[in-house]
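K.L.:
Everything below, folded, please.
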Amino acid sequence: MENRYICGGGRGLCAKGWHANHYTQLNVFDYMADVPGNTTASDLVEVQFKNTRKGYYHNSNNLELHKGDVVAVEGTPGHDIGTVTMTGSLVALQVQKANLKNPEDIRRIYRIARESDIEKYEAAKAREHQTMIESRQIAKDLGLEMKIGDVEYQGDGGKAIFYYIADGRVDFRQLIKVLAEVFHVRIEMKQIGARQEAGRIGGFGPCGRELCCSTWMKNFTSVGTPAARIQDLSLNPQKLAGQCAKLKCCMNYEVDQYMEASQKLPQRDAVLCTQEGEWYFFKADILRGRVSYSTDKHLAANVTEIPAQRAIEIINLNRNGEKPDTLINGERTKTELHVDLATQDDLHRFDNQFHGKHRKKKKNHGKKHGKPNPDSPAAD
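P.N.:
Modelled structure (predicted):
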C-alpha cells in the first residue's frame, strides 16, 4: 500500500506514526513506529471501527499488520470488520488507558479482510441509515422517552448497536423484541450523552475548526458556569453553548491560566482613594494584567486603565493612611475604546484603493510612452 502513511511535515516526526485514512478521529500518534523491533514487541493491535469505537485484539496468528489494514476480528458472535490504527508496544499503554481489567475482553484477529468480507460489510453498512429511521419511529410508537442517534452494524451483519440518548432510565425490553423481529439481527443498546452524539455527527465550531469531540477528545469533563465567570465571559447561553446544547468544552482549556493570572489582580471590591477622589473597580483585562477604574460606583465615568501593580500599590498606601496625588504616575490617560474595523469605512474601500493605484500606473505608463492620458480633458 503506497498511501499507507502520511508525511510528518518536516517537523521531526516519524512519518509512520501518522495514520492516513478516514478512520482518524481519535487517532494517536505512534512515536515508536520507526523503532526497530517495535511491531514484534507485543501482539496487541488497536483496531478502530465506525466513528469513535475502538477495540484491542491479540494478533495470535502472527499476521504482518500495518496501519490502514482492514482486518476481520472476533465478534460477539460472528466477526467484525475494522481498520488497524496502531501496532507494537504503544498499544499496551492504550489498553491501560482504556482500563480493560478483564483479559477476556481482548479477543483475537482472525485474518486480513477478504473481498467477500468487504462486500458483506458494505452491504450491512448501507442498511444503517434506514434502520435508524425505522427504529426511531418504533421507539416513538412505544412511547419511549429516548432518541436513537445512530446505528452501527457488525461487519458480518448479524448484530446491530443502537446508540440512544435519554434523560433518565428507559425500559427498552419491549423495544429490543420489536427491533429483533423487524431487522432479524442481534440487538445491543448503548446510551450516550449529548457531547458524544455531537462527536459522532461531527461539524465545525465558531472557531472555524472541526469539533474537538469529533477529532481528538475521548474523555469529557463537566463544564460549569464558574469557568465563564473566571474568564469574564458574558453569561449568554446562546454564545456559551456548543452544538450539543451544552457548555462548550473549550471553556475549560484556559481556566487554569486565567485563575493564575487573576491572583495577581487586586480585589474587585477595593476602593482606591487618591487626592482627586475615590475610584471604583470597573473592569479588568486579566491576561494583560490591567485594571480599569471609574469615579462613579455604578456608571462608567472618567474610566481610567492602570496596571494591576499600580492598583495594589495604591491599596497598600491607603492601608497606611496615605493617598497618592493621582491614580497613575504622570498624566492621566483614559482607556481607548476598541473600534470595529467593519464599520470604519465602506466595504469597497479596498477596491477603490486598488483602482486608484491601477489608474495611477496607467497614467504614468502613458506619460512614459508619449500616449495621451484618457482621463485628462486634453485627451478628448
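K.L.:
what about the helices in the chain?
P.N.:
90-98, 115-125, 128-141, 173-183, 194-201, 225-230, 237-240, 255-262, 308-319, 349-368 (DSSP state H).
K.L.:
Pipe those helices into a markdown table and attach mean neighbour count, distance to T40 and mean pLDDT per row.
P.N.:
C-beta coordinates here come from the backbone N, C-alpha and C atoms, glycine included. Output for those, formatted as a markdown table (neighbours: other C-beta atoms under 10 Å; distance: least, C-beta to C-beta, whole Å; pLDDT from 0 to 100):
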| stretch | mean neighbour count | distance to T40 | mean pLDDT |
| --- | --- | --- | --- |
| helix 90-98 | 15 | 13 | 83 |
| helix 115-125 | 14 | 26 | 92 |
| helix 128-141 | 15 | 37 | 94 |
| helix 173-183 | 14 | 42 | 93 |
| helix 194-201 | 20 | 34 | 83 |
| helix 225-230 | 15 | 46 | 90 |
| helix 237-240 | 11 | 50 | 86 |
| helix 255-262 | 14 | 41 | 92 |
| helix 308-319 | 16 | 58 | 92 |
| helix 349-368 | 11 | 61 | 56 |
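K.L.:
mind checking which of the ones you listed is nearest G157?
P.N.:
Closest approach to G157 among the helices of the chain (C-beta to C-beta): helix 115-125, 3.7 Å.
K.L.:
okay, the angle between that closest one and helix 128-141?
P.N.:
If you take axes from the mean of the first three to the mean of the last three C-alpha atoms, to 10 degrees, helix 115-125 sits at 40 degrees to helix 128-141.
K.L.:
Name the residues that touch helix 115-125?
P.N.:
Contacts with helix 115-125, where a contact means C-beta atoms under 8 Å, 6 or more residues apart in numbering, come from 50, 70, 72, 79, 81, 113, 153-157.
K.L.:
Just give me the neighbour total for I187.
P.N.:
18 (other C-beta atoms under 10 Å).
K.L.:
Could you tell me how far it is located from Q174?
P.N.:
Shown here: I187 relative to Q174, a distance of 12 Å by C-beta to C-beta, to the nearest Å.
K.L.:
Check Q275 too.
P.N.:
80 Å.
K.L.:
what's around I148, how many residues?
P.N.:
Using other C-beta under 10 Å, I148 has 25 neighbouring residues.
K.L.:
surely it meets Y164?
P.N.:
Yes. The pair I148 / Y164 is scored as a contact, 4.9 Å apart, by C-beta atoms under 8 Å.
K.L.:
Need the residues touching each of those two.
P.N.:
With C-beta under 8 Å, 6+ apart, I148 and Y164 have common neighbours A139.
K.L.:
Show me the strands in the chain, by range?
P.N.:
44-48, 54-58, 70-74, 79-87, 107-112, 147-153, 159-165, 186-191, 272-274, 277-285, 290-294, 304-307 (DSSP state E).
K.L.:
Enumerate the positions of stretch 183-190 that are buried.
P.N.:
The neighbour-count check on stretch 183-190 (16 or more other C-beta atoms under 10 Å) flags 183, 185-187, 189 as buried.
K.L.:
re earlier: turn the helices of the chain into TSV, columns for distance to A300.
P.N.:
Output for the helices of the chain, formatted as TSV (distance: least, C-beta to C-beta, whole Å):
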stretch	distance to A300
helix 90-98	51
helix 115-125	60
helix 128-141	53
helix 173-183	59
helix 194-201	39
helix 225-230	21
helix 237-240	22
helix 255-262	22
helix 308-319	17
helix 349-368	31
